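In: Could you work out the structure for the sequence below:
(one chain, ligands or ions: 2)
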Amino acid sequence: MCAKIKSLAEFTQGKDDYEADFKVPDGVQIYCENLIKLYKVGEIEVMALQGLDLSVQKGEMIAIIGNSGSGKSTLMNIIGGLDRPTAGRIYVNGINLLKLSDKQMLQYMRETVGFVWQNTARNMVPYLSALDNVKLVMQMAGKVDSNRAHMLLETVGLADRKKSKMHELSGGEQQRVAIAIALANNPGILLADEPTGAVDTKTTAQILRLFHDLNEDMGVTVVIVTHDRQLSHMVKRVVTISDGRIGTEFIRQHEINMDSEELMNAFAGHDSGTHVEYGFIDGRKRLAIPEEYLRKAGLTEKSKVLIKAEDNSIILTKPEEIV
Ligand SMILES: Nc1ncnc2c1ncn2[C@@H]1O[C@H](COP(=O)(O)OP(=O)(O)OP(=O)(O)O)[C@@H](O)[C@H]1O
Ligand SMILES: [Mg+2]
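Out: Numbering: from 1, shown residues only. Ligands and ions are numbered 1, 2, ... in the order given. The predicted model follows:
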């Protein structure tokens, strides 16, 4: 399987002059640069991504948060190969996704990424067992590994429910099968778009812990989209998207013990102080400032600010009086 992926990477390498000199930074598995996505519906154009830059390291687990319509799913679909950007760069595992034919994209989707949605169960066959659903996905990729199918269902905590039909499982259990299915063909990347949107709080915590364990134990890179800020407290790096661009990032300062009460505390949003927030200066030297900070400083959009540069810091203040 690796050989095939390598051939995809080789295929796209230096395919045109613009990309010939480009090299993805070391250790970066998902590389997005200046991604633009324009949707056209009749006469109306929607700019879903407006120059988005994002790098995810191999083996990282990140959460992406943002308001409804900010471009989260658009980004995930592009990383997952379900959609193509209008412009920009997107490399995954060194593969230039813009250069893949539809057939190669299908191969990429089967082998490189696993996808979990809010209601993934609707893509499964209801009259088949959990085990057969996992095997079915393997079969579609050309190779059924029965031992792996069993192992995956055990890993997601469904050792006793392998033979249960999908409709006999709870929403949380169905999501666990979905995660096993996403991992069926041993992808290096797991993409989850609102995976806990349809389950209760306790199940959400369990599913998140599962993602955390898969990331730690199997080394799978995990990208989770959520609009739940509390949920994102459980992840080390949280990236915010606003208006189709990366806003700020939160990086957790210490490792959280997923087996202790700390998990539930984090989930309840009581771990303030553990994350440090970072802004992001884009290629045109612009910095997005979170709205609540502007509000607290008495600033609004398009207002003039007083800029003061001091040693290692820049201070923005509302001017007393504008002359
Ligand atoms: N297939 C499409 N055709 C036209 N417009 C689209 C399409 N998909 C998304 N959009 C638009 O692009 C913007 C970003 O949508 P997207 O689904 O990425 O947002 P989101 O952050 O995932 O939102 P939510 O939290 O509600 O899932 C929205 O304005 C949406 O209406
Ligand atoms: Mg969405």
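
In: now stretch 71-78: mean pLDDT?
Out: The average pLDDT within stretch 71-78 is 96.

In: Quick one: residues in contact with that stretch.
Out: Contact with stretch 71-78 is made by 32, 35, 37, 48-50, 52, 54, 64-66, 83-85, 90, 97, 115, 191, 193, 223, 225, 227, 241, 243-245, as judged by Cβ atoms under 8 Å, 6 or more residues apart in numbering. Any C-beta I mention is one placed from the backbone N, CA and C, and that applies to glycine too.

In: From ligand 1, how far out is S70?
Out: Counting by Cβ to the nearest ligand atom, to the nearest Å, the gap between S70 and ligand 1 amounts to 4 Å.

In: and if you look at I65?
Out: For I65 relative to ligand 1 (Cβ to the nearest ligand atom), the value is 9 Å.

In: Now restrict the contacts of stretch 71-78 to buried residues only.
Out: Buried by 16 or more other Cβ atoms under 10 Å: 32, 35, 37, 48-49, 52, 54, 64-66, 85, 90, 97, 115, 191, 193, 223, 225, 241, 243-245, out of these.

In: From E320, how far out is the residue of the stretch 201-323 of the chain found nearest ligand 1?
Out: Nearest residue of the stretch 201-323 of the chain to ligand 1 (Cβ to the nearest ligand atom) works out as H227 at 5.1 Å. Distance of H227 to E320, computed by Cβ to Cβ, to the nearest Å: 38 Å.

In: residue ranges of the strands in the stretch 151-300 of the chain, please?
Out: Remark: strands assigned in the stretch 151-300 of the chain by DSSP state E, counting those that start in this stretch are 189-193, 221-226, 237-242, 245-252, 275-278.

In: Alongside ligand 1, which residues does the stretch 151-300 of the chain contribute?
Out: H227 (Cβ under 6 Å from any ligand atom).

In: Poorly predicted segments of the stretch 151-300 of the chain, please.
Out: Across the stretch 151-300 of the chain, the ranges flagged by pLDDT under 70 are 228-233, 254-274.

In: mind running it again at 80?
Out: For the stretch 151-300 of the chain, residues meeting the criterion pLDDT under 80 lie at 197-203, 205-206, 227-234, 252-276, 280, 282-284, 288, 290-292.

In: Can you list the residue ranges for helices in it?
Out: All helices of the stretch 151-300 of the chain, identified by DSSP state H, counting those that start in this stretch, fall at 171-182, 201-218, 229-232, 261-267, 291-296.

In: what comes up buried for the last one?
Out: Residues of helix 291-296 classed as buried under the neighbour-count rule (16+ other Cβ under 10 Å) are L294.

In: same thing with the first one?
Out: Using 16+ other Cβ under 10 Å as the burial criterion, the residues of helix 171-182 that qualify are G172, E173, Q174, Q175, R176, V177, A178, I179, A180, I181, A182.
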